[in-house]
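Undergrad: Pasted the sequence and its predicted model underneath.
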Amino acid sequence: MKSLLTMVAAGALAAGPALADLMIPDLSYRTGPFAAGGIPFSDGYQDYFALLNARDGGIGGVPVRVVECETAYNTERGVECYEATRGDNPLVYQPLSTGITYQLIPRATADGIPLHTMGYGRTSAVNGEVFSHVFNYPANYWDAASVMINVLLEENDGSLEGKSITLLYHNSAYGREPIRTLETLAAQHGFTLNLLAVDSPGQEQGNQWLTIRRERPDYVLFWGWGVMNQVAIQEAINIRYPLENFIGNWWAGADHDVASAGQAAAGYRALNMNRLGDMPVFAEIQSHVIDAGLAAGDGTNLGSVLYTRGMYAAMLAAEAIRTAQEIHGVADITPAMMRDGMEALELTNARMEELGMPGIGPEFAVSCADHGGTGMAIMTQWNGTEWVTLSEFIAPDDSVTQPLVMEDSLAYAAEAGIEPRNCTDS
Amino acid sequence: MFYREAGDYKTSYAADSQTFPIAFDRFRYYAVLLIGVGIIPFILNDYWANAILIPFLIYAIAAIGLNILTGYCGQVSLGTGGFMAVGAFTSYKLMTAFPWMDMVTITLLSGAMTAVVGLAFGLPSLRIKGFYLAVATLAAQFFLVWLFNKVPWFYNYSASGQINAPERFLFGQALTGPNADSWVKYLFCFAFVFVLAWVARNLTRGAMGRQWMAIRDMDIAAEIIGVNPLKAKLTAFAVSSFYVGIAGALLFTVYLGAAEVGEAYGIQKSFLVLFMIIIGGLGSLFGSFAGAAFMVLLPVALKVLLVDTMGWNTALATHFQFVIVGGLIMVFLIAEPHGLARLWALAKEKLRLWPFPH
């Protein structure tokens, strides 16, 4: 495995000067029950790189080559995609699936390729001492759970004593991630937590909503994805659950999730890790990419919630490439240099403004020990025709999530036999 | 001309009753083994191993297992995915509880555990048949997946319910985990396939296999001539589950490395293995291999052809893949309802007469 990689790396170096490019694999899913979320994200991810190529001639003068591979949100096909693209000097993987992320964490680490799991994947990858090649900035699931509870605390004058909160979740690694945090928070703030699992793909939720109708919890927190979101929102409308008390995470708050219910879904709230609305960069993508016929999709997703997030992910990758180029002084970087770039990434408001997406995310800096960013998120609400931003970036309660991160990451290190790096020296 | 029996004399009963009585067949079998052990491990690259050969070998074991139950004994089962999950979770629990245990023992014990579970779910087969049995095994599928989701002990109380295979070594070579070389994983699976297929071949042509086939063809008649249906059906369930459990264990430990029960061992897996034996041929070992190869290779081959060679966009290619695989399945079943194994047998018969067909 190692020897093959060095051979491939040697081959790539030998061929380097002739056809230098920065290879970014895009493990997308445009088919299957989760395609509704996969298509706009992948469009945004690819279109931003297309914009950099068309407008600036790539990053640092080296063009970006995006290689798309269809996973259909299936872990076995995700592995196949990883194996198919691995030999091509890929700079960073962005699988957009928690299940595939769990497959790729040990493989990518062994192969020395960084993995960016933005707001999904394994939460405890925040601990860079254990997960050297995995990055989940700017936020993760435990941050999301904590931010949601912080918002509810504020609305209830600082106390959730005696309240009942139900977590409705996709019965997979993705949906189960926030449970531990919410259990800790429930013990801390004195609310009761009920768990309702929905089996993948999530079209059948009648039973769960019957339970919600009977028990009438004060709040329903929602970890859904794909077709599951539309069904849940329709079911909530059907049982006349007060929609402003039904709060989705950032994967359950896109345009297509509420579009089918339309006006009836007004009031539904969801977190978001990036800001929405018009930005100067969209006009540039429209003129340089979509009008030039270079768009990954049909161009209709431009500016939608998940398109914006895909573009944000691409921007973070591009900035990490730029950082890596500065650190190592070469334009045609390797995956190992990319990892250094991601670890030294620093995003400021001035830089985001310069890139044409002012305030799209919070300011954050990645470090050797902390791969997780700030974890801040905004609250948005569907008003019947569009998503409205309700708040500024809200911080999670790090005193709750940090001990859990340490506990889980050290348990992983023990199970997988990893000796944690020491980050204090560097 | 190339494929004939003339001049192939047998001088003993053992020679006459061997698995490959025709010399050409026998040499071809030896050649396949030689290529599998002596050549492929040296030229294998990671993509071929991890995307094609290892899944093919593992699914071949599962298909042989299901073929024993459905093809030889006539008991329809839709619980394959659930039984594979039993194998996977048994090996996970053994690997984490007894770190000193070697992978061969773990894999065999996982198969044995699955055989016990299979026996329990095979009990209803004594009272119900056909569609009703299919529904009972479907219940096993859903029950087992629910169980492995519900009871945190099975996944060692991890936050996400995912199970991860820790690194284990065999003869000093890493076999599981990210640092395992693909040739080690390939040879490990190849050895299991070789032994299990050899055992299955000899089981099915011995007394036990004849009892299974008697039950399959007409259970009342079989009982009258002295076949014990309790013994025949339960042995078929146990042996079949043993194979399926080993396939499930290998899928988790060697191939995937991390698994989530609902996604990796859901109902789709049961259907996938069932399609393999229907397309390959019920009641045929060759059919199990052919079906597994068909279902594993075709999507990869189509992807290589449509996306990498012809440059189609990935979504269109995936949609076409559904159409083409579905269409091919229908064409195969209409043209040859007995599957690829029957096509192979017909081809052999034609070759024996060639170039003078009558």
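TA: Nice, I can see it.

Undergrad: And the strands in the stretch 301-426 of chain A, which stretches?
TA: A:346-347, A:364-365, A:378-382, A:387-389 (DSSP state E, counting those that start in this stretch).

Undergrad: chain center to the last one, what's the gap?
TA: Think strand A:387-389. Distance of strand A:387-389 from its chain centroid, counting by Cα atoms, centre = their mean, to the nearest Å, is 19 Å.

Undergrad: Which of the residues in it are classified as buried?
TA: A:W387 (16 or more other Cβ atoms under 10 Å in any protein chain shown). From N, CA and C alone the C-beta is placed, and that goes for glycine too.

Undergrad: for the record, mean pLDDT for it?
TA: When pLDDT is averaged over strand A:387-389, the result is 90.

Undergrad: helices or strands next to it in the packing?
TA: strand A:269-272, strand A:378-382 (3 or more Cβ pairs under 8 Å, 6 or more residues apart in numbering or on different chains; DSSP states H and E).

Undergrad: Mind putting those into TSV with mean neighbour count?
TA: Putting the helices and strands packed on strand A:387-389 into TSV (neighbours: other Cβ atoms under 10 Å in any protein chain shown) gives the following:
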stretch	mean neighbour count
strand A:269-272	25
strand A:378-382	22
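
Undergrad: To B:T90, which of these lies closest?
TA: strand A:269-272 (39.2 Å; Cβ to Cβ).

Undergrad: Mind listing the strands that closest one pairs with, and their directions?
TA: strand A:246-248 (parallel), strand A:378-382 (antiparallel) (DSSP bridges).

Undergrad: circling back to that earlier point, possible to save the helices and strands packed on strand A:387-389 as a markdown table with mean pLDDT?
TA: Shown next, in a markdown table, are these (pLDDT from 0 to 100):
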| stretch | mean pLDDT |
| --- | --- |
| strand A:269-272 | 92 |
| strand A:378-382 | 92 |
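
Undergrad: Distance to A:I239 added to these, as TSV?
TA: Shown next, in TSV, are the helices and strands packed on strand A:387-389 (distance: least, Cβ to Cβ, whole Å):
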stretch	distance to A:I239
strand A:269-272	17
strand A:378-382	18
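
Undergrad: follow-up on the earlier one: would you turn the strands paired with strand A:269-272 into a markdown table with distance to A:L294?
TA: Formatted as a markdown table, the strands paired with strand A:269-272 follow (distance: least, Cβ to Cβ, whole Å):
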| stretch | distance to A:L294 |
| --- | --- |
| strand A:246-248 | 33 |
| strand A:378-382 | 30 |
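
Undergrad: who wins for proximity to A:T101 among these?
TA: Among those, the nearest to A:T101 by Cβ to Cβ is strand A:246-248 (20.5 Å).

Undergrad: Enumerate every residue touching the nearest residue to A:F135 once chain neighbours are set aside.
TA: Excluding the flanking residues, the one nearest A:F135 by Cβ to Cβ, 6 or more residues apart in numbering or on different chains is A:H371, at 4.6 Å. Counting by Cβ atoms under 8 Å, 6 or more residues apart in numbering or on different chains, A:H371 makes contact with A:A125, A:V126, A:N127, A:G128, A:F131, A:V134, A:F135, A:N136, A:Y137, A:E343.

Undergrad: I'd like to know which of those are part of helices.
TA: When DSSP state H defines the helices, the subset of those inside them is A:E343.

Undergrad: Pick the one among the contacts of A:H371 closest to A:T334.
TA: A:E343 (14.5 Å).

Undergrad: wait, is A:V67 part of a strand?
TA: Yes - membership of A:V67 in a strand is supported by DSSP: H, G, I helix; E, B strand; the rest coil.

Undergrad: Which positions in the stretch 1-150 of chain B make contact with chain A?
TA: Residues of the stretch 1-150 of chain B lying close to chain A by Cβ under 8 Å from any Cβ of the partner chain are B:N45, B:D46, B:Y47, B:N50, B:A51, B:P55, B:T96, B:N149.

Undergrad: Might you report the residue contacts of the fifth one?
TA: Shown in contact with B:A51 (Cβ under 8 Å, 6+ apart): A:V79, A:E80, A:E83, A:A84, B:V300.

Undergrad: The fourth one now?
TA: In this structure, B:N50 makes contact with A:V79, A:E80, A:E83, B:S182, B:Y255, judged by Cβ under 8 Å, 6+ apart.

Undergrad: run the last query once more with 10 Å
TA: Going by Cβ atoms under 10 Å, 6 or more residues apart in numbering or on different chains, B:N50 touches A:79-80, A:82-84, A:86, A:107, B:44, B:182, B:185-186, B:254-256.

Undergrad: Now rank those residues by neighbours and give me the top one.
TA: Most neighbours among the contacts of B:N50, by other Cβ atoms under 10 Å in any protein chain shown: A:Y82, with 28 neighbours.

Undergrad: quick one: whichever helix or strand that one is part of near chain B?
TA: A:Y82 is part of helix A:75-86 when elements are defined by DSSP states H and E. Yes - Helix A:75-86 lies within reach of chain B by Cβ under 10 Å from any Cβ of the partner chain, at A:T75, A:E76, A:R77, A:V79, A:E80, A:C81, A:Y82, A:E83, A:A84, A:T85, A:R86.

Undergrad: ditto for stretch A:278-297
TA: Yes - using Cβ under 10 Å from any Cβ, stretch A:278-297 comes into contact with chain B via A:A296, A:G297.

Undergrad: All the strands of chain B, in order from the start?
TA: Under the criterion DSSP state E, chain B contains strands at B:163-164, B:169-170, B:173-174, B:258-259.

Undergrad: what is the mean pLDDT for the third one?
TA: The one in question is strand B:173-174. The model assigns strand B:173-174 a mean pLDDT of 84.

Undergrad: could you say what helices and strands it packs with?
TA: helix B:182-204 (3 or more Cβ pairs under 10 Å, 6 or more residues apart in numbering or on different chains; DSSP states H and E).

Undergrad: Can you list the buried residues in the helix it packs on?
TA: For helix B:182-204, a neighbour-count test (16+ other Cβ under 10 Å) marks B:182-190, B:192-193, B:196-197, B:200, B:203-204 as buried.

Undergrad: Same question for stretch B:84-101.
TA: For stretch B:84-101, burial by neighbour count (16+ other Cβ under 10 Å) applies to B:M84, B:A85, B:V86, B:G87, B:A88, B:F89, B:T90, B:S91, B:Y92, B:K93, B:L94, B:M95.

Undergrad: about what we covered before: now flag whichever of the contacts of B:A51 is closest to A:L152.
TA: A:V79 (39.0 Å).

Undergrad: For that closest one, give me its contacts.
TA: Neighbours of A:V79 in contact, by Cβ under 10 Å, 6+ apart: A:T71, A:I100, A:Q103, A:L104, A:R107, B:N50, B:A51, B:P55, B:Y255, B:L256, B:G257, B:A258.

Undergrad: Redo the residues you listed as CSV? Include distance to B:L133.
TA: Below are the contacts of A:V79 laid out as CSV (distance: Cβ to Cβ, whole Å):
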residue, distance to B:L133
A:T71, 35
A:I100, 36
A:Q103, 35
A:L104, 40
A:R107, 40
B:N50, 36
B:A51, 35
B:P55, 28
B:Y255, 30
B:L256, 30
B:G257, 34
B:A258, 33
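
Undergrad: That concludes my questions; thank you for your assistance.
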